[in-house]
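1. sharing a model prediction with you, sequence too.
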Amino acid sequence: MSEFNSLTAELIDQLKEAAPGHILAGQEVGDDYAHDEMPIYGKKLPDAVLVAQSTDEIAACMKICNENRIPVTPRGAGTGLVGGCVPVCGGLVIDTTKMNKILSYDLENLTVTIQPGVLLQDLAEDCLKKGLMYCPDPGEKLATVGGNVATNAGGMRAVKYGTTREYVLKMQVVLPTGEVTSFGASVSKTSSGYSLLNLLIGSEGTLGIITELVLKLIPAPKVTYSLIVPYEDLETCISTVPKLKMANLDPQALEFMEREIVLSSERYIGRSIFPKKVDGVEIGAYLLVTFDGETEDEVYDRIEKASELLLENGAVDVLVADTPAQIKDAWAARSSFLEAIEAETKLLDECDVVVPVNQIASFLTFAKELGDECGLNIRSFGHAGDGNIHIYQCSNDLTEEEFKSRVEKYFKKMYAEATSCGGLVSGEHGIGRGKIEFLEASVGDTNMALMRGIKQAFDPNGILNPGKVCMPL
């Protein structure tokens, strides 16, 4: 931290001249700016906040901070889970949530141009009004799309449509020096030098600040139905997934969940949705599968084939949610998992490892047994179709110090196991400040050196979101 300077009263006055009426300082800076949704990764108030209204304001403030070596932390809605927007070195936070306009649609080329502070749910709803769909569907609908791009968020529909990366065509960016530039273009393919666009996607605000996005859309499917599929145990549940994918049925979403997390979610939302016992069989795990298409006949044909396959491979039953209310209820329960865990847990941490699909069941068994070894309560769910698993470490009894010590031990062994079976340390939440050592252990010195070289090229003074991704403090 010693290489950075502090925001003096004189520099704050310069920021206020650059962005009149949009700088918060001193007592005006609220506690929300000190943390994200996983406060286990620490809290730190910035010295000042720019509530940005324009690219020009961001550029002017970045220039001042770069010339004076003031650390800057970009921030969207603060819904991250790895401490990515915690201003660990103080300095200036740039809040982009007020840059929240949907600027224009290009209906001939199926694109939309937006500012980064547009909420995911607002973009999704606005697109549907025009018969279009923005495909990425991360679980936190109140996240900003700019934040989704910064972490390459995945979500439930990634198994069919891919992650956020596949839908970003172009972006306007303010570099750490205050220069404004654009990466990418509103075209469907490119072979034009290094992909600077893709370097920014998933860079977690360490290389530049996104101020405008051009995103790809598709015509919205006309029919969507979901299946709730109960199983006696998780192993049988997960073992069905590769067979379902190999059957060429193309599910839009394919999620797995264990009984305990479902019970927590239903307590949280106040209603029961998933069956707990079927024909005398106690249910231990579930698949939640969604199919979409152009006609009811097309979708029902795939549902029938999927149901037959699922029942042949150990499903206790197949329940069809074919009304908007049923579908909404099923996915409301799935979307409430994190809130449900938070409501019942004093201390928690989380990892979202990604492993090959055929390794999910054995990896979850390892994670559970390791939790017992470390004295931690483990809750898990995730994206069965792409191997992205969310594993929560929970405790209501330990001190915070003891909890962190046990989680550290847990993570070292768990991430090593994920790497050894061909996985990676994060599928969609990113590295932030909490997972740097595990990323380094996973990818090795050579790859970390390349990442740090990229960081140096974009940000010679190291002021932009310091202490994140590949640059520990």
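-> Arrived safely, thanks for sending.
2. show me which positions of the helix or strand encompassing Ser307 end up buried.
-> Element membership of Ser307, judged by DSSP states H and E, is helix 296-312. If you call a residue buried by 16 or more other Cβ atoms under 10 Å, then helix 296-312 has these buried ones: 299-300, 302-303, 306-307, 309-310. For every residue, glycine as well, the C-beta is placed using N, CA and C.
3. just send these back as TSV, with pLDDT too.
-> Listed next are the buried residues of helix 296-312 as TSV, based on pLDDT from 0 to 100:
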residue	pLDDT
Val299	94
Tyr300	93
Arg302	94
Ile303	95
Ala306	95
Ser307	96
Leu309	96
Leu310	96
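4. how is the protein divided into domains?
-> The chain breaks down by automatic domain parsing into domains covering 9-98, 102-219, 223-338, 345-429.
5. what's around Asp250, how many residues?
-> If you count neighbours by other Cβ atoms under 10 Å, Asp250 ends up with 12.
6. contact partners for it?
-> 160, 291, 302 (Cβ atoms under 8 Å, 6 or more residues apart in numbering).
7. my guess is the last one contacts Asp292, does it?
-> No: using Cβ atoms under 8 Å, Arg302 is not in contact with Asp292, being 9.5 Å away.
8. in what helix or strand does Lys16 lie?
-> Assigned by DSSP H and E, Lys16 belongs to helix 9-18.
9. is it true that Ala333 lies in a strand?
-> No: assigned with DSSP: H, G, I helix; E, B strand; the rest coil, Ala333 falls outside any strand and is helix.
10. any idea how far Ser226 is from it?
-> To Ser226, Ala333 is 11 Å away according to Cβ to Cβ, to the nearest Å.
11. who are the packing partners of the host helix or strand of Cys394?
-> In this assignment (DSSP H and E), Cys394 forms part of strand 388-395. Contact here means 3 or more Cβ pairs under 8 Å, 6 or more residues apart in numbering; DSSP states H and E; on that basis strand 388-395 packs against helix 337-344, strand 347-351, helix 360-374, strand 377-383, helix 400-420.
12. circling back to that earlier point, next helix or strand past the helix holding Lys16?
-> Next along from helix 9-18, by DSSP H and E: strand 23-25.
13. counting by contacts, list what that next one packs against.
-> Judged by 3+ Cβ pairs under 8 Å, 6+ apart, strand 23-25 is in contact with helix 9-18, strand 48-51.
14. quick revisit: neighbouring contacts of the helix holding Ser307?
-> 223-225, 227, 229, 240, 243-244, 247, 249-251, 287, 289, 291-293, 317-318, 320.
15. let's see that with 7 Å instead.
-> 223, 225, 227, 229, 240, 243-244, 247, 249, 289, 291-293, 318, 320 (Cβ atoms under 7 Å, 6 or more residues apart in numbering).
16. can you check stretch 45-62 too?
-> 6-7, 12, 15, 18-19, 22-25, 29, 33-34, 72-73, 87, 90-96, 98-99, 172, 174, 176, 178, 180, 209, 211-212.
17. repeat that with 8 Å
-> Contacts of stretch 45-62 (Cβ under 8 Å, 6+ apart): 6-7, 12, 15, 18-19, 22-25, 28-29, 31, 33-34, 72-73, 87, 90-99, 172, 174-180, 209, 211-212.
18. what about the residue lying closest to Asp233 once chain neighbours are set aside, neighbour count?
-> Excluding its sequence neighbours, the residue lying closest to Asp233 (Cβ to Cβ, 6 or more residues apart in numbering) is Gly284, at 4.6 Å. Neighbour count for Gly284, taken as other Cβ under 10 Å: 18.
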